[in-house]
Each structure stands twice: as C-alpha cells, then as structure tokens.
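Student: here is my input, please return the structure:
(2 chains)
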Protein chains: 2
Amino acid sequence: MTDIAMIEAARVRLAGHVRRTPLLSSPFLDEIAGRRIFVKPECLQHTGSFKFRGAWSAISALPTEVRAKGVIAFSSGNHAQGVALAARMHGIPSVIVMPSDAPRIKIENTRAYGAEVVLYDRANEDRDAIGERLSRERGLTLIKPFDEPLVIAGQGTTGLEIAEQAKEEGIGKADVLVPTGGGGFISGVALALEAKAPQFRVHPCEPQDFDDVTRSLASGKIERNAAQSGSLCDAIITPQPGDITFPIMSRLCGPGLVVTEDEALHAVALAFSRLKIVVEPGGAVALAAALFHGETLGDTVIAVCSGGNIDVDVFRLALDKFPT
Amino acid sequence: MTDIAMIEAARVRLAGHVRRTPLLSSPFLDEIAGRRIFVKPECLQHTGSFKFRGAWSAISALPTEVRAKGVIAFSSGNHAQGVALAARMHGIPSVIVMPSDAPRIKIENTRAYGAEVVLYDRANEDRDAIGERLSRERGLTLIKPFDEPLVIAGQGTTGLEIAEQAKEEGIGKADVLVPTGGGGFISGVALALEAKAPQFRVHPCEPQDFDDVTRSLASGKIERNAAQSGSLCDAIITPQPGDITFPIMSRLCGPGLVVTEDEALHAVALAFSRLKIVVEPGGAVALAAALFHGETLGDTVIAVCSGGNIDVDVFRLALDKFPT
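Tutor: Numbering: from 1, shown residues only, chains lettered A, B, ... in the order given. Presented below is the predicted three-dimensional model:
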C-alpha cells in the first residue's frame, strides 16, 4: 500500500526526469473566485499530463531484467503517452493496447513517443485477452493506470511539490482541488499532503453526470457512473473509484466538487487568457470548481490542472463560448 | 552599467516575487528542428511576460521615499502590465501613459493590475511632455522599458535561471535564442550567461522587416527599422537598438536570426500543441528560429518564449493556418 515513504522513494527515482511544474496565479482569477487561487499546471509535465509521473515511478521500480522485457498498458489517452515516453526514456519497449476507433492523433502521438500500438475492435475483441496473450508471449509487465501503489506513489510527488511551493508562497492553509477519474492522482497527492501539509484539505473534482467519486465519498461505498462516455472531460471518465484508491480517498479526501461541462470549458478559456497555459476540459475541472463553486472553500485554493492534451476543435469551442 | 553583480543583486530583490519558469521540451519539436530544443517560457511569468522582472528590479531598487511617490511608464503592451503589477505589489501608485487607440483589452488589463491609465492622442499630443508634467507634479519616477541598467539587471535573472537549469539538464553547450526588441532582455541574459555559462552563444531573434538589431550587429552601427508598426509581432517592435543595449549586444551576441510572420505563427501553434503554453507571435520568434532556421546552430538550442499576451483572434489564426 502506498505511503509517504513510497512517495519519497518515487521522488528519488523521478529526480532529473520529471519536471517540477511551477505554481501559477493571476489577480484576474482571484477576482472571479473571490479568493486566492493558485494553479499547479501538470499540463506542462512531459507528455502533457501528470500520468508521466506514475508511469516513470512504476517502470523505474521494476527489477532490471523484468523491465528490460518491456511494459504494456491499456489506454487511449494520457496514460498511454506517459507510459510510452517513460519506457522510451528507459530504453525499453512498450506496447499500448488501444481501441481501433481512438482518435488518430492520440494513436499517432503514442507511436511517436516510441510505443508499439496494438489496435483492437471494441465490438468483437476482448482487450484483456489481447493484453494477457501479449504479456505472456513477450514477458511484458502491465502498468495499470491508477489502481497500482507505485503509480499512486509517483503521482503523489506532485503533492510533495505542492507542499513545498505552498510553503514558499507563505500559504498556511488551503483547499487542494484535484481532477479525479479513478482516483490514483488524488490519492497520491492526499497521502503526500497528509504527511507534509496536514492542514490542507483535498477535494476531488468531477464533471456532472460522471461524479462517481463524489457520490461514493458521500455514500461511503463505491458508486458507478451510469454513462461511460459522452463527455468532453474524457480524460477523467472512469466507471467507478478504484479498489485501492477508494479507501485512501475515503480517509483523506472530500467532499467532492462537481462542475458542468460549460464551466470546465470556461476554465479552459480563462487558463488560456490569464495563465497562458493549455488545459483540456477534464484537466480544468478543479480550476472550474475553484472559480465557480468556491462557496464551501476557504480563502486559499490550490487547483491542479492535470492535463493539456486537448483537441484543437474543443479548444476553439472554449474560446468561442467564453471570450475573455 | 549593468554587470553580473547587479544581476545577482536584482535576483535577491526578486526572490519570492518572481516565478522561476521551468525549462520545457518535446520530442516532437526536436524532430522538426533536427536538434534538441529547450524552451524557457517567460509567458508563464507574472503578467504574461519577462517584463515583470525588469519592472520589479527597477521599482524595488528605488529609495523608499522616492518609491512611495510612485512610478510612471510609457507603454501600450507588456511593459505597462509589468510595471502596473510590480507597483501594486509594492503598494505604490503607478501611471501608465498609453495612446488612446491602444487595444481596449490592454488598457483594461493595465487598469486591472492597479495602474492609473492616462490616454493621449497620438496625432495631437506629445507623449513625453505629458509624462514630464505628471512626473514633475507628482514626483513619479520614470521606468524605461529597456535602456535602463536596473531593468536590464532584472531581466538578466532569466539568464541566471537558464544557466542553472541547463546545468541540471546536463547541457554543456548551447545556442540561446531570445526575442529582441530594444535589446534589454537579451542584454541581461547575455551578461548573466557571460558569467555563468560562457560557452553559450546568445542570438537575437526578430521578425522580417523589423530586424534592426540583426542588421545593427552585422554592420557594427545602430540601424533603424523602416516601419514602426504593421507586424503581428508587435511586442518586440522598436525603432532601433538602445544606446545602452547596443554595446552589450555588440560585445556578447549574434549573429541575429530573422523569421517570417508565418513562421512565428507556426511556432505559436506548435507551442500550443506540443508544450501546452500560450505564446504571442513576438514572443515566439526565438522558437520559430530554432525550429525553422537552425542550420547555423549547434545541436542544442534554448529558445526563450518571452511573452504570451496574444489576442484571441491572432491565436485562432495561428491554429487555423498551422494545424498540428
């Protein structure tokens, strides 16, 4: 199980390979929110999302001979790119299993980061069976996207940085808002902050209709989303909280904050004009919550922008809908 | 005259107030350029440009009683915003003299950062006379945009960070490319690197038809631009190199690199898709030079992206023209 020692060990393995993203702010955002907002832009991380931290952590912890055979992951999104680049930087092969109807740009990017992309037909093929066969034949190690202690530990290094940067800024107390899908990222961040800034409160942020974590924390048991797709916040859509992450979140996080898709797009537009960063809608839900749902929060909020891999058409939509 | 001691003193005054921007990179950009490219994104600095460093440096160095009376600047762009916010953070008044036909958004932003904006009619009023009268009446100190040793020293702190970050990345030798208008920024960076990374070579980058610095360095004397406006790279358009900056650039910088407006827009689009940062065309000329004019450069380039205050229509134009 992930603990602060694992997160600190991950940080040692990540040193020199992972970017320390800065802490950004803008008086314009503070004014909209009616409170101080700081933004931790993990969209500036390698491959454009925090996923690279977890991928590096898991791959770098493998025994040398096991690692040399390569890794495999199932993902059509940010996890795919994170694993692909982390594997390439380790000089090992990676296989990413993606649905054949995944956006072409994501397939191309994953290949460009050095992965072998294996496509499967969602309707007629069993993803897990394909993965198991490849793993067996080639000795590949599966890197899970969130329900994996080493991945959580790697992503938790973001929390260590937040604690340090908050101290540098003189922030004594804060609500820390994290875009949440399966819960790996927020679990790591919450464990790091429990140790390093226990006075901070960590909240998952989700889009409307995909608020499984918020509902699960409220009810005390794992709740599922009715739909599995159909959101512009695709990067953080998962069926339900993870078995490993849910107990961590139950102990350390909440309550959750839920934003509309339009609020997420508005946050994308404001991040463009006021922070000069590119954020995808799923990565912007925490900033959206800080801007538009701060009533229950204290006077200082740290919002993580978790990723920036946005389709240009969606970005245009955000700028059109919310001129700033 | 600015020297490394002044830059290091500026850094002490800037500590805790100015962001240490990270060093970014992308394998996709390296592939286009055929060499390693690192990007120093000063667009992520307070107010969206490096100008804040110089403004903070100059204001923080004033004697307390002089500073308390306030500062004044002439600018319709990034310098205006940098001076306005640095003054507000010092708790002192600022007056920014802007042409009445400046873009409304820039006027509004400058006011929102706390400045009193005084508008003048370009055709019928004398900017300098207005400034002199206000300074005399209120005891305001003029903060010049580039031909001022304290401003150059503050902007030179970017160079100290580049030297440190390059060392962390294991970069032994590099060409450092800097978007250049009047030459204050590049002069500070070059002075810092002369002391901290003397094996680095610093090159000014400019847009076609506004390449006064490149031509001045080639001819050995100050050359002027024929036109004073009409470029999307407005942030770095000045009539000619400064009297203080030209000797520094002559000694430490060159040759200059010149890019087309379309190349700058292409760099804006690639910074969006590959680095997740928002850069204005003038701020993107160094990245454009690294990407498209690297023939004369070594195998490692550090390109400074100097600002991100781009009109949304110009940003849309870049994305439309250069799908990535």
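Student: count of neighbours near the closest residue to A:Asn225 other than its chain neighbours?
Tutor: Distances taken as CB to CB, 6 or more residues apart in numbering or on different chains put A:Asp212 closest to A:Asn225, at 4.7 Å, once the chain neighbours are dropped. For glycine as for every other residue, the C-beta is placed from the backbone atoms N, C-alpha and C. A:Asp212 is flanked by 26 other residues according to other CB atoms under 10 Å in any protein chain shown.
Student: wait, isn't A:Asp212 in contact with A:Pro239?
Tutor: Yes: A:Asp212 lies in contact with A:Pro239 (CB atoms under 8 Å); the separation is 7.3 Å.
Student: mutual contacts of these two, please.
Tutor: Both A:Asp212 and A:Pro239 are contacted by A:Arg224, A:Asn225, under the criterion CB atoms under 8 Å, 6 or more residues apart in numbering or on different chains.
Student: isn't there a strand covering A:Ile162?
Tutor: No: inclusion of A:Ile162 in a strand is not indicated when DSSP: H, G, I helix; E, B strand; the rest coil is applied; the result is helix.
Student: correct me, but it touches A:Leu193?
Tutor: Yes: with contacts counted by CB under 8 Å, A:Ile162 reaches A:Leu193, the gap being 6.8 Å.
Student: can you pull out the helices in chain A?
Tutor: In chain A, the helices defined using DSSP state H lie at A:4-14, A:27-33, A:51-60, A:64-69, A:78-90, A:104-112, A:127-138, A:149-168, A:184-196, A:212-219, A:245-252, A:261-270, A:285-292, A:312-321.
Student: as TSV, those with distance to B:Trp56 would be great.
Tutor: Shown next, in TSV, are those (distance: least, CB to CB, whole Å):
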stretch	distance to B:Trp56
helix A:4-14	31
helix A:27-33	15
helix A:51-60	32
helix A:64-69	47
helix A:78-90	36
helix A:104-112	39
helix A:127-138	53
helix A:149-168	17
helix A:184-196	29
helix A:212-219	41
helix A:245-252	38
helix A:261-270	25
helix A:285-292	26
helix A:312-321	31
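Student: once you drop chain neighbours, what's closest to A:Phe50?
Tutor: A:Phe50 sits nearest to A:Glu42 (CB to CB, 6+ apart), 4.0 Å away.
Student: any shared contact partners between A:Ile162 and A:Leu193?
Tutor: Contact criterion CB under 8 Å, 6+ apart; residues bridging A:Ile162 and A:Leu193 by contacting each: A:Val176, A:Phe200.
Student: so how far is A:Thr158 from the residue nearest to A:Asn225?
Tutor: Distance, A:Asp212 to A:Thr158, by CB to CB, to the nearest Å: 22 Å.
Student: residues contacting A:Asp212?
Tutor: Counting by CB under 8 Å, 6+ apart, A:Asp212 touches A:Glu206, A:Ile222, A:Glu223, A:Arg224, A:Asn225, A:Thr238, A:Pro239, A:Gln240, A:Pro241.
Student: burial measure for the closest residue to chain B within the stretch 151-300 of chain A, as a count.
Tutor: Nearest to chain B in the stretch 151-300 of chain A, going by CB to the nearest CB, is A:Lys276, at a distance of 3.5 Å. When counting by other CB under 10 Å, one arrives at 29 neighbours for A:Lys276.
Student: ok, A:Arg104 next?
Tutor: 8.
Student: for it, give me its contacts.
Tutor: By CB under 8 Å, 6+ apart, no residues touch A:Arg104.
Student: which pLDDT value goes with it?
Tutor: Note on A:Arg104: pLDDT of 82.
Student: next: the one 10 residues further on.
Tutor: Per-residue confidence for A:Gly114 comes out at a pLDDT of 94.
Student: touching, it and A:Leu85? I think so.
Tutor: Yes: here A:Gly114 lies in contact with A:Leu85, judged by CB under 8 Å, at a distance of 7.0 Å.
Student: those two - which one has more neighbours?
Tutor: The residue with more neighbours, out of A:Gly114 and A:Leu85, is A:Leu85; 25 against 17, by other CB under 10 Å.
Student: minimum distance to B:Gly91: which of the helices of chain A has it?
Tutor: Taking CB to CB, helix A:27-33 is the member of the helices of chain A nearest to B:Gly91, at 14.2 Å.
Student: skipping its backbone neighbours, what lies nearest the residue of the stretch 151-300 of chain A closest to chain B in space?
Tutor: In space, and not counting its chain neighbours, A:Lys276 is closest to B:Gly308: 3.5 Å by CB to CB, 6+ apart.
Student: return the residues of the stretch 151-300 of chain A in contact with chain B.
Tutor: With CB under 8 Å from any CB of the partner chain as the criterion, the stretch 151-300 of chain A meets chain B at residues A:Glu168, A:Phe272, A:Ser273, A:Leu275, A:Lys276, A:Ile277, A:Val278, A:Val279.
Student: so what's whatever residue of the stretch 1-150 of chain A ends up closest to chain B up against?
Tutor: Of all residues in the stretch 1-150 of chain A, A:Cys43 sits closest to chain B, at 4.5 Å by CB to the nearest CB. With contact taken as CB under 8 Å, 6+ apart, A:Cys43 is in contact with A:Ser49, A:Ile277, A:Val278, A:Val279, A:Glu280, A:Gly283, A:Cys305, A:Ser306, A:Gly307, A:Gly308, B:Lys276.
Student: looking at those, which are in strands?
Tutor: Using DSSP state E to define strands, the subset of the contacts of A:Cys43 located there is A:Cys305.
Student: separation between the residue nearest to A:Ala58 when sequence neighbours are not counted and A:Leu14?
Tutor: Leaving aside its sequence neighbours, A:Ala58 sits nearest to A:Leu150 (CB to CB, 6+ apart; 4.3 Å). Remark: distance between A:Leu150 and A:Leu14 (CB to CB) = 11 Å.
Student: which residues do the two both contact?
Tutor: Any residue near both A:Leu150 and A:Leu14 by CB under 8 Å, 6+ apart counts here, and that gives A:Ser57.
Student: tally of neighbours for A:Pro323?
Tutor: 8.
Student: spit out the contact partners of it.
Tutor: By CB under 8 Å, 6+ apart, the contact list for A:Pro323 reads A:Ala269, B:Val312.
Student: next one: A:Val279
Tutor: By CB under 8 Å, 6+ apart, the contact list for A:Val279 reads A:Pro41, A:Cys43, A:Ala267, A:Val268, A:Ala271, A:Leu287, A:Cys305, A:Gly307, A:Gly308, A:Ile310, B:Lys276.
Student: which of those lies closest to B:Gly298?
Tutor: Checking the contacts of A:Val279 one by one against B:Gly298 (CB to CB), the nearest turns out to be B:Lys276, at 26.4 Å.
Student: confidence score at that closest one?
Tutor: 98.
Student: show the pLDDT at the residue of the stretch 1-150 of chain A closest to chain B.
Tutor: Per-residue pLDDT puts A:Cys43 at 98.
Student: nearest spatial neighbour of it, skipping sequence neighbours?
Tutor: A:Gly308 is the one closest to A:Cys43 (CB to CB, 6+ apart), at 3.0 Å.
Student: wait, the one you found sits on A:Glu280?
Tutor: Yes: A:Gly308 lies in contact with A:Glu280 (CB under 8 Å); the separation is 5.8 Å.
Student: count the neighbours of the closest residue to A:Glu168 other than its chain neighbours for me.
Tutor: Closest residue to A:Glu168 apart from its sequence neighbours, by CB to CB, 6+ apart: B:Gly16 at 7.1 Å. The number of residues packed near B:Gly16 is 9, by other CB under 10 Å.
Student: ditto for A:Ala129
Tutor: Counted with other CB under 10 Å, residues neighbouring A:Ala129 total 10.
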